[in-house]
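> requesting a structural model of the entry that follows:
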Amino acid sequence: MTLQFIDRKEELSSLEKKHASKNFEFVLIYGRRRVGKTELIKKFIEDKTSIYCLASLEDKERQLESITENMYKHFGGFKPDIRQWTDLFEYFSSKAEEKTVLVIDEFPYLIEENRSIPSYFQKFVDEYLKDRDVMLILCGSSISMMEDLMSYKNPLYGRRTGQIDLKAFPFKEAKKMIPETTFEDSIRYYSVFGSIPFYLKKLDGPTLKDDIKERVCRDTEILYEEPQILLRQEFRTPNRYFSIMESMASGRTTPKAISDDTKIPLQSIPKYLGELRRIRLIKHEIPVTARGRRSRRGLYKIADNYFDFWFRFIGPHLSDIEGGYEGFVEDYVMADMDRYVGKKFEDVCVEYLKEIVRYDDQFRFTKIGRWWYGEDEIDIVALNERESLIYLGECKWSHQRVGTDIFERLKDKAGKVRWRVGNREERYILFSKAGFTDELTDREDVSLVLIDMEDLEEVLG
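Numbers count the residues shown, from 1 in each chain. Next up is the predicted model:
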């Protein structure tokens, strides 16, 4: 399928405002690999006087030569003799017109080869750029390195005028890149491939099963090894990270459970989890009613849908795939697809509530998440602390219509949620793929809201 540039309206608007100013602007753009940083930048500069430089993992002399070559191609004239960064800065300053945008993509590669690079660019900003009507954009996939540029101890601290932490698309925007299909199937696609543009543009249907067979389960396709390749790029010893991701995809969500499953010493697990969180492949969740971010009841989950899918269905069965097992997708993947999609459906329902709270007065909450305690859990709990109002929701991705039994069980579990007990108003939300029984829809209960696929599609479709 042909992938058009989708959304990113807020990010583009922010960059346009910077460009329209009469002052020097210095913007940092960062986010995990494949999230669309380069596409955003190229869309922004397509109608502007600009120089785009892509840093690479070369020795520092070759890196300087490469950026020099990009500038020379833009400016023309006599080829400059550039032997150090100061020469390059002087060359750019002497040639650049007003409103020139200078982009250095994958800036952390420069730092990896030369730790003095931030100091050099501090000099570039302070002595050559700060009084000019030009725009400097530094971009990178190493989130920790890019965030370090904003830290107090970094030489570039205080120089930037803006930053964009580029996140993966929500379902509503990702759906625009999914092959044309029903709204229900678009949720299945999202559950498998997530919302990273690089992954979605590989898909061309006509069905989800076809795309899994042709784009994921063929060793000639890039998605086949994408999780392995990314982890190898990020970590020098990726094997333990593979094991942890596979363990999490199979349902282990605590450091103890992951340690028991992988045989990695428990005391080492937090380090690996921290690194995976750093590159935004996993996330740490705590019950929405918990106080503080260090709740002992926190769980770890894979944040990227495609990685979750791959480590659950593909990674453990590579030998079957490589052995040419023709029925693999049907027998191992599609047979368990609805159960897998059920957990991702919760994310879509949360997104629905975050959208509708902006204009529907019956939803008034300021905090939303999941709740669990012991063996009990509730898919969605939203809180309005000012009004002592709590919403409790269940999400059912099932072929059977939801009935009053589900509602009664939800009310029973609500009594176990220890948040302003006896001094709160409770409301209930049920989401259902298959709809609801007549008995439930006929029930007159102002505290209950029923949301089916048509409701979801109206807001997110």
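> report pLDDT for the residue nearest to residue 399 when sequence neighbours are not counted.
Residue nearest to residue 399 in three dimensions, not counting chain neighbours: residue 434, with 5.6 Å by Cβ to Cβ, 6 or more residues apart in numbering. From N, CA and C alone the C-beta is placed, and that goes for glycine too. Among the per-residue scores, residue 434 holds a pLDDT of 97.
> likewise for residue 197?
Note on residue 197: pLDDT of 89.
> how much space separates it from residue 181?
To residue 181, residue 197 is 18 Å away according to Cβ to Cβ, to the nearest Å.
> these two - which one has more neighbours?
residue 197 (20 against 16; other Cβ atoms under 10 Å).
> the more buried one against residue 176, yeah?
No. Counting by Cβ atoms under 8 Å, residue 197 does not reach residue 176; the two are 10.3 Å apart.
> and the longest helix for this protein?
In the chain, ranked by residue count with DSSP state H as the criterion, the top helix is helix 337-356.
> average pLDDT for that one?
The pLDDT scores in helix 337-356 average 97.
> next one: that helix to chain centre, how far?
Distance of helix 337-356 from its chain centroid, counting by Cα atoms, centre = their mean, to the nearest Å, is 15 Å.
> now do stretch 326-341
Distance of stretch 326-341 from the chain centroid (Cα atoms, centre = their mean) equals 25 Å.
> pull out the buried positions in it.
Applying a neighbour-count criterion of 16 or more other Cβ atoms under 10 Å, the buried positions in stretch 326-341 are 328-329, 332-334, 337, 340-341.
> among these, which pair sits farthest apart?
Considering Cβ to Cβ, no two members of those lie farther apart than 328 and 341, which are separated by 18.6 Å.
> touching, residue 400 and residue 434? I think so.
Yes. Between residue 400 and residue 434 a contact is recorded at 5.9 Å, counting by Cβ under 8 Å.
> can you give me the strands for this protein?
25-30, 50-54, 101-105, 135-140, 162-165, 282-285, 299-302, 367-373, 376-384, 389-396, 425-432, 448-451 (DSSP state E).
> what about the closest residue to residue 287 other than its chain neighbours, how many neighbours?
Nearest residue to residue 287 in three dimensions, chain neighbours excluded: residue 371, at 4.8 Å (Cβ to Cβ, 6+ apart). When neighbours are counted by other Cβ under 10 Å, residue 371 registers 25.
> got it, and residue 169?
Around residue 169 there are 21 other residues, counting by other Cβ under 10 Å.
> just residue 139 next, same as before
Residues near residue 139, counting by other Cβ under 10 Å: 25.
> what's across from it in the sheet?
Taking DSSP bridges, one finds residue 29 as the beta-bridge partners of residue 139.
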